[in-house]
Every structure is written in structure tokens, then in C-alpha cells.
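Student: predicted structure and sequence below. I'll ask about it afterward.
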Amino acid sequence: MSYTWMIRVVLIIGLFIYLLLSRTILRERKKYHTVLESGPLNVVFIIIYNALCYLAVGIRSNPHVIKKPYVFETSLVANWYSIMGQILFVGSAFLLIYAVIKRKAIGAQDTGGKLLTSGIYSFTRHPIYLGIVLISLGIAIVRINVDGMIVFPLVFFANFIQAKFEEIYDVGVRFKDEYHQYTKRTRMFGPLWFWIVIVLLLTAPLIISFTQG
């Protein structure tokens, strides 16, 4: 195993250790109230979590371990993925900023006893985690980082689990019936059509390049 993959494995392990710690703290919110409501601590948690996600997909690929498939070498795919990666990165960064402003809270801080369901929160229940997922995808594809693409599903899964923990142990408990109704009309990471579009945009240039030989 190359040193880059060793670092990736450590980052992924660190990410899932973070999830376990987060689950423990969220389950006992009253006990850890001071920690969860601390602005500086939440900033530190956010930096650590984001760094683990982005570095896991962003560390340079090692072509001696996994060779880049020839289809990714074509100018069509390389240029398309570069443009799409930049759009995902910039667009999702704005999404993150907007979601934080909308929450008027940092990290796990209480949103003032109000369940957010309007604006971007009517499109996705977790715009911040969706933003992290899409930024991670953008980082992985912008320079066609094959190793990063392989690791991306784990980053997606980690964000799904973290969002689920918050629903089970935090917002789902504090807002109960209201949150249950909210889940019926708004998906966790956006509507199905949104992800179908992303998959089509990712696969279309690959199919075109493959058919052209």
C-alpha cells in the first residue's frame, strides 16, 4: 500500500471515529450542552470534519496503485470533469454559506427552538451535509482523481450517517411530530431528480468517449 493510500485510510478511520463521538454527544445533549453550544468549539469541529472529508478525496492519486482508465484520458472527459468539478465546488460553497446564514447558528448549536423548513431547507433537510458531499465530489473529479472517486462513496456514506444521527438523537427528538411531517415532504439530500441529473452529467461524457473509441 502506498503512503497516499495509508493517509487516506487514516482519514476515513478518523472520519468514522468522529461519527461515533458525535453520536455519543448528540445522544446526551443535556450532558454536553456547554460543548454543543460553544461557538469556538463548533468551529473547531466543523474544520476537523470538513478537512477529513476533503482530504480523503483530494490527496493526489497514485497511478502505480490504481491506473487511470483510458476513458478518463480523453480531452472531452478531462475538460468536462474539470468544468463540472469547479461548478460543484463553487456552487456548493455558496450553498454551505447560505445554509449557515439561514440557520443563524454554528454546527450543533440550537437554532432558537425553531425547525427550519423554508428556503433551501425545503429542497433538502441537510443542506450543509449536502454541500460537503458535493464539494467532495467536485474535488475528486476536477482533476480526475481516481483514488478520490473510489473513496467518495465512503465520504457520502459518512455524511448520510452524520445527518441520520442528528435526526435520530437531536432534531427528531426536539421537534418530534413536526419533523416527522417534514421528512415526508423533503428528502435528506434533495429530490431524486437532482441526483439523476448529477449521475447523467457524470456518465454522459464517459459514454460518448467510450463509444467513439
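Tutor: All right, it came through fine. Numbers count the residues shown, from 1 in each chain.
Student: list the contacts for the spatially most central residue of the chain?
Tutor: Taking Cα atoms, centre = their mean as the criterion, residue 133 is the residue nearest the geometric centre of the chain, at 2.2 Å. Residue 133 makes contacts with 155, 156, 159, 189, as judged by Cβ atoms under 8 Å, 6 or more residues apart in numbering. From N, CA and C alone the C-beta is placed, and that goes for glycine too.
Student: mind running it again at 10 Å?
Tutor: Residues near residue 133 by Cβ atoms under 10 Å, 6 or more residues apart in numbering: 53, 88, 92, 126, 152, 155-160, 163, 189-190.
Student: do residue 5 as well
Tutor: For residue 5, the residues meeting the contact criterion (Cβ under 10 Å, 6+ apart) are 59, 61, 62, 65, 66, 147, 150, 151.
Student: so what's the residue count around residue 102?
Tutor: Residue 102 is surrounded by 16 other residues when neighbours are defined as other Cβ atoms under 10 Å.
Student: tell me which element residue 46 falls in.
Tutor: Following DSSP states H and E, one finds residue 46 within helix 39-58.
Student: for that helix, the averaged confidence score.
Tutor: Averaging the model's pLDDT scores along helix 39-58 yields 95.
Student: and the next element down the chain from it?
Tutor: Under the assignment DSSP H and E, the closest C-terminal helix or strand after helix 39-58 is helix 75-103.
Student: so how far is that following helix off the chain centroid?
Tutor: Chain-centre distance of helix 75-103: 12 Å, with Cα atoms, centre = their mean, to the nearest Å.
Student: same for that helix, what does it pack against?
Tutor: Where contact means 3 or more Cβ pairs under 10 Å, 6 or more residues apart in numbering; DSSP states H and E, helix 75-103 is packed against helix 39-58, helix 127-142, helix 192-211.
Student: most packed of the ones you listed?
Tutor: The densest packing among the helices and strands packed on helix 75-103, expressed as mean neighbour count by mean count of other Cβ atoms under 10 Å, is seen in helix 127-142 with a mean of 24.
Student: was I right to think residue 125 contacts residue 175?
Tutor: No - with contacts counted by Cβ atoms under 10 Å, residue 125 stays clear of residue 175, the gap being 11.6 Å.
Student: list the buried residues for stretch 18-26?
Tutor: 18, 19, 22, 23, 25, 26 (16 or more other Cβ atoms under 10 Å).
Student: identify the residue nearest the first one in space, chain neighbours excluded?
Tutor: On the basis of Cβ to Cβ, 6 or more residues apart in numbering, the spatially nearest residue to residue 18 that is not a chain neighbour turns out to be residue 49, at 6.1 Å.
Student: touching, residue 50 and residue 96? I think so.
Tutor: Yes - using Cβ under 10 Å, residue 50 is in contact with residue 96, at 9.0 Å.
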